[in-house]
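J.: Return atomic coordinates for the entry below.
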Amino acid sequence: MFSRLHRGATLAAVFLTGSLIAVVPAAAVSGGTVTNYGFAAKISMDGRACSGALVEPTLVLTAASCFPENPQGGVPAKATTVIVGRPDLTTTTGTVAKVTQLYVRTDRDVALARIDTIATGTTPLPLAAASGVPGSAETVNLIGWGRTGDEWVPDKVRRAQFTTTASTATTLSLTSAEGADACKGDAGAPIMRTDSAGNLSIAAVSSTSWQHGCLAETETRQGTTGARVDDLSAWIRGQAIVGTAKAVGHGVTLSWTPLAASDDATYSIYASSAGPATNSATQLIGTTKATTFLHSATARKTWSYLVVASTGAASPQFTATTGARSPTDFTGDGKGDIATFVRGTDGDVYVAASDGSKFVGNSVLWHDRFSIGAEIPLSGDFNGDGKADVATFSRGSSADVYVALSDGTKFTGNGTLWDDFFAANSE
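T.: Residues are numbered from 1 along each chain as shown. Got it, this is the predicted structure:
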């Protein structure tokens with residue numbers, strides 16, 4: 001249909017990365033109407049602008065041609081800002097975030113931009129709605145922030161209707177009965193289809209155009225091409241979860257980026273201290289619907305972690321190295337706590353947990369009869385699970401040693417005999 005310029009070339013006729021020209025605005029696509037889709041993302045970098053769509057709470061789908069300095073992805077070469085949840089830029093709704101990482105396809109003009117802030121309050125475009133490449137003469141809509149027929153830098157996102165004319169394995173060709181074309185600034189704009197129930201799905205992102213009808217363009221030829229994304233759901237989900245691990249003592253706090261709320265995902269956490277973690281039952285340490293997890297780990301080891309969502313999305317490996325365990329970390333979070341043993345015949349044991357700056361709340365009863373009379377208590381992580389337990393020495397001629405293990409919230413059981421003759425009499 002028309003030639004394709006190199007990604008770093010001047011945008012004379014093909015690529016749609018827009019310049020942010022400072023002029024007095026008049027009133028995205030050369031035609032089109034104002035719309036209010038919150039998932040529509042405005043991307044700005046170094047005097048350029050692009051469009052995109054929020055597809056996960058921390059991922060924006062756009063065109064790789066928006067980032068000619070990053071053909072292999074990685075940290076953006078130029079500082080890049082994304083606005084989502086704000087279809088009218090004169091308002092203050094939505095999220096303003098910085099792009100921290102780019103994931104670029106090598107087979108088509110598609111990229112994912114990771115943002116540093118979770119876009120709360122904005123519903124991502126559901127990937128599950130995608131249903132294959134549109135057929136010939138199907139109606140689709142392009143939603144973008146680009147130049148219009150009479151406005152250089154619009155402050156409202158716009159929608160224009162197109163008809164599909166052809167497709168390849170990676171592209172989708174479009175034309176408009178209204179004479180509209182994608183304009184500069186529409187690169188990466190989602191090209192949407194709507195099913196009979198009104199559900200949206202994303203078929204492609206805007207890539208190239210003749211820019212017919214765009215302000216200051218005189219081209220008489222017409223046509224827009226999109227880069228297909230309908231077959232990229234697995235790839236997109238594969239970038240969705242990124243985890244971090246922070247070790248405090250021998251406790252490791254794990255956190256990761258969430259999937260869209262509509263996924264209703266449950267996350268399985270796997271851990272290994274002997275190489276990369278795998279999603280095997282022997283390495284499963286817990287499941288949760290939250291995006292944080294506390295691992296009470298063995299001290300002085302490097303742990304590798306893997307988070308796998310029930311949707312199939314999985315994180316890359318991430319690691320943490322645990323320090324020495326605390327003999328009084330009863331909760332297993334890496335911070336030393338305090339316990340008090342009520343002497344005499346009561347035998348109550350109370351614990352006040354540390355939050356790193358103070359011992360919180362009132363002491364909580366962790367055991368109702370342990371280390372009574374003249375018995376001597378001792379704390380330590382006796383079973384090596386990362387949580388400090390308690391032992392009591394009965395003294396005298398019996399010299400029994402009993403242990404009550406911590407489960408992170410209490411000392412369990414009535415005490416188990418661990419030795420029947422140790423520290424006898426006055427030892």
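J.: Please count neighbours and contacts with C-alpha atoms only from this point.
T.: Fine.
J.: Name the secondary structure element that contains residue 378.
T.: strand 376-380 (DSSP states H and E).
J.: what comes up buried for that strand?
T.: Buried positions in strand 376-380, judged by neighbour count with 16 or more other Cα atoms under 10 Å: 377, 379-380.
J.: distance between that strand and the chain's centre?
T.: Offset of strand 376-380 from its chain centre (Cα atoms, centre = their mean, to the nearest Å): 43 Å.
J.: Check which element follows that strand along the chain.
T.: Using DSSP H and E, the helix or strand that follows strand 376-380 in sequence is strand 389-393.
J.: mind exporting that following strand as CSV, just the C-alpha atoms?
T.: The C-alpha coordinates for strand 389-393 follow below in CSV (Å, rounded to 0.1, in the frame of the first residue of the first chain):
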residue,chain,number,x,y,z
ASP,A,389,10.0,-21.2,69.1
VAL,A,390,10.2,-21.6,72.9
ALA,A,391,11.7,-24.4,75.0
THR,A,392,11.5,-25.0,78.8
PHE,A,393,13.9,-26.8,81.0
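J.: what angle do that strand and strand 376-380 make?
T.: Going by axes from the mean of the first three to the mean of the last three Cα atoms, to 10 degrees, strand 389-393 is angled at 150 degrees with respect to strand 376-380.
J.: Quick one: distance of strand 389-393 to the chain centre.
T.: With Cα atoms, centre = their mean, you get 43 Å for strand 389-393.
J.: before we move on, the earlier item: so which of the buried residues of strand 376-380 comes closest to residue 113?
T.: The closest of the buried residues of strand 376-380 to residue 113 turns out to be residue 380 (Cα to Cα; 46.7 Å).
J.: what about residue 82, distance to residue 149?
T.: Remark: distance between residue 82 and residue 149 (Cα to Cα, to the nearest Å) = 24 Å.
J.: So which of these two has more stuff around it?
T.: residue 82 (25 against 22; other Cα atoms under 10 Å).
J.: who's the more buried one bridged to?
T.: Counting by DSSP bridges, residue 82 is bridged to residue 43, residue 97.
J.: Contact partners for it?
T.: Contact analysis of residue 82 by Cα atoms under 8 Å, 6 or more residues apart in numbering lists 41-44, 96-99, 115.
J.: What pairs with the strand holding residue 378, parallel or antiparallel?
T.: Counting by DSSP bridges, the strands paired with strand 376-380 are strand 389-393 (antiparallel).
J.: got a list of contacts for the partner strand?
T.: 328, 330, 370-371, 375-382, 399-406, 411, 422-423.
J.: Please apply the same query to stretch 264-284.
T.: 259, 285-291, 301-311, 317.
J.: Would you mind checking those residues for buried ones?
T.: The buried subset of those - by 16+ other Cα under 10 Å - is 259, 285, 291, 301-309, 317.
J.: Could you identify the least confident member of those residues?
T.: In terms of pLDDT, residue 301 ranks lowest among those, with 87.
J.: Test my guess that that residue contacts residue 321.
T.: Yes: with contacts counted by Cα atoms under 8 Å, residue 301 reaches residue 321, the gap being 5.5 Å.
J.: Please name the bridge partners of the nearest residue to residue 135 once chain neighbours are set aside.
T.: Leaving aside its chain neighbours, residue 135 sits nearest to residue 164 (7.2 Å; criterion: Cα to Cα, 6 or more residues apart in numbering). Using DSSP bridges, the bridge partners assigned to residue 164 are residue 174.
J.: what about stretch 97-105, distance to the chain center?
T.: Here stretch 97-105 is found 12 Å from its chain centre; the criterion is Cα atoms, centre = their mean.
J.: returning to what we had before: contacts for the strand holding residue 378?
T.: With Cα under 8 Å, 6+ apart as the test, strand 376-380 has contacts from 326-328, 341, 371, 388-395.
J.: What is the end-to-end distance of stretch 118-135?
T.: The straight-line separation of the ends of stretch 118-135 (Cα to Cα) is 35 Å.
J.: And stretch 51-61, by the same measure?
T.: Stretch 51-61 has an end-to-end distance of 9 Å (Cα to Cα).
J.: what residue is smack in the middle of the chain?
T.: What sits nearest the mean C-alpha location of the chain, by Cα atoms, centre = their mean, is residue 257, with 2.5 Å.
J.: Just confirm that one contacts residue 292, I think it does.
T.: No: if you go by Cα under 8 Å, residue 257 and residue 292 don't touch, sitting 9.4 Å apart.
J.: Name the residues contacting each of these two.
T.: Joint contacts of residue 257 and residue 292 (Cα under 8 Å, 6+ apart) do not exist.
J.: sorry, back to before: what subset of the contacts of strand 389-393 is buried?
T.: Buried among the contacts of strand 389-393 by 16+ other Cα under 10 Å: 328, 330, 370-371, 375, 377, 379-382, 399-406, 411, 422-423.
J.: Return the subset of those residues lying in strands.
T.: Judged by DSSP state E, strands contain the following of the buried ones among the contacts of strand 389-393: 377, 379-380, 401-404.
J.: Domain map for the protein?
T.: In the domain annotation for the chain, the residue ranges read 18-233, 241-321, 338-419 (automatic domain parsing).
J.: wait, which of those is closest to residue 427?
T.: When the domains of the chain are compared by Cα to Cα, domain 338-419 sits nearest residue 427, at 8.0 Å.
J.: End to end on that closest one, go ahead and measure it.
T.: Using Cα to Cα, first and last residues of domain 338-419 are 25 Å apart.
J.: and it, what's its mean pLDDT?
T.: 89.
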